[in-house]
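1. Pasting the sequence and the predicted model now:
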Amino acid sequence: MPERLLAAATASPIAPDDAPEPGEWSAREVVRHLAAVEAEVWHVRLDALATESFPQWPWVEPGLWSGPGDGTFEGALEVYSARRAATLARLDELDEAGWARTGRHVVYGVLDVAAILRILLDHDEEHLAQVARG
């Protein structure tokens with residue numbers, strides 16, 4: 001996904017720091033949001049599945065991550081890339097029982113790891129399209 005975001009931002013006629021329309025996020029802001037979602041949503045859910053019996057998840061709407069590197073598209077992409085790599089590492093560590101564990105989301109209902117990944121991928125595609133549109 002980080003490579004696809006970079007390609008979409010590079011191909012866009014709009015600079016990564018410029019919002020395509022007033023009130024919309026720039027490509028850098030989209031990546032800052034994705035970095036926040038990795039830590040505040042996907043890591044939290046996967047960690048809860050590993051440590052709790054049938055965790056309960058509220059609706060979470062992360063804003064824009066802020067921290068070192070958030071001032072440039074490249075810096076934000078680096079943070080997002082590291083966080084996505086950490087998500088993938090968590091998935092690599094799962095055994096068959098880990099993949100079968102479930103929790104309940106207030107909106108989506110009962111989710112196993114595969115269902116969480118489907119939501120993750122849908123969220124990725126939504127924001128990738130946003131960057132590609134410029």
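-> Good, I have the coordinates.

2. Only C-alpha atoms from now on, for both contacts and neighbour counts.
-> Fine.

3. Check whether Ala27 really touches Val131, as I assumed.
-> Yes: counting by CA atoms under 8 Å, Ala27 touches Val131, with 5.4 Å between them.

4. can you give me the helices for the protein?
-> Along the chain, the stretches classed as helices by DSSP state H are 2-11, 27-37, 43-51, 73-92, 96-100, 113-133.

5. Comparing those helices, which stretch has the densest surroundings?
-> Burial of the helices of the chain is given as mean neighbour count (mean count of other CA atoms under 10 Å); helix 27-37 ranks first at a mean of 26.

6. Which elements pack onto that helix?
-> Contact here means 3 or more CA pairs under 8 Å, 6 or more residues apart in numbering; DSSP states H and E; on that basis helix 27-37 packs against helix 73-92, helix 113-133.

7. Recalculate using a threshold of 6 Å.
-> When contacts are defined as 3 or more CA pairs under 6 Å, 6 or more residues apart in numbering; DSSP states H and E, helix 27-37 packs onto helix 73-92.
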